[in-house]
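I'll drop the sequence and a predicted model, then ask my questions.
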Amino acid sequence: RHSSWTLQLVYVVFCIFCLVIVAAYQAQLTAQLTNTRFSSSAIGGLEDLYVQGHAFAVEAGSAAAEYFLTSRDFLAQSMQTQMVVCQGQQECLGLLRTHRVAALLKHRALLQYASDTAETCDIKITGRDFTQGNFVLAQP
């Protein structure tokens, strides 16, 4: 069977149209799932923690703890009284899950790993990175 040139052109245009529709659907679905997981909260950064007076957790000896203990930044110095120092990630996550602290402060990559490998996916990364250390907040 021979098909005409115009029929082949219509077929190619239809295939490209279907490809665009599938790609758009996939992008929209990905955006919805991402927004659901990382939804905004009342605490979006250090300023919110400071203003609202919430306690936050950091691991002993971590870069985040050193940031608050040695920083010359006014906000970091002011928040030292709100800081709870934990002896490990499990203790920090326990404090966060039992709502004894409002947030956990840690490097973004480490928090992402902790949230991805946790038995229960009950923590989320909120706010934007701050300082050059890419620190972020995690909340239950």
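Cool, the structure landed. Numbering: from 1, shown residues only.

quick one: secondary structure of the residue nearest the centre of the chain?
Centroid-nearest residue in the chain: residue 125, 2.8 Å away (criterion: Cα atoms, centre = their mean). At residue 125 the chain is in strand, as set by DSSP: H, G, I helix; E, B strand; the rest coil.

where do the strands of this structure begin and end?
56-59, 83-86, 103-107, 124-130, 135-139 (DSSP state E).

I'd assumed residue 108 was in contact with the residue nearest to the centre of the chain.
Yes. Residue 125 is within contact range of residue 108, at 7.0 Å (criterion: Cβ atoms under 8 Å). Placement of C-beta: from N, CA and C, glycine included.

from residue 73, how far out is the nearest residue to residue 84 once chain neighbours are set aside?
Nearest residue to residue 84, sequence neighbours excluded (Cβ to Cβ, 6 or more residues apart in numbering): residue 57, at 4.9 Å. Note on residue 57: its distance to residue 73, by Cβ to Cβ, to the nearest Å, is 19 Å.

between the two, which one's more packed in?
A count of neighbours by other Cβ atoms under 10 Å puts residue 57 above the other of residue 57 and residue 73, at 25 against 13.

helices and strands of this protein: which one bottoms out on pLDDT?
strand 135-139 (a mean of 58; mean pLDDT, DSSP states H and E).

please list all residues in contact with residue 57.
83, 84, 85, 86, 92, 95, 96, 101, 103, 104, 105 (Cβ atoms under 8 Å, 6 or more residues apart in numbering).

what's the average pLDDT for the longest helix seen in the chain?
Using DSSP state H to define each element, the chain has its longest helix at helix 5-37. Confidence over helix 5-37, taken as the mean pLDDT, stands at 86.

alright, calling it a day.
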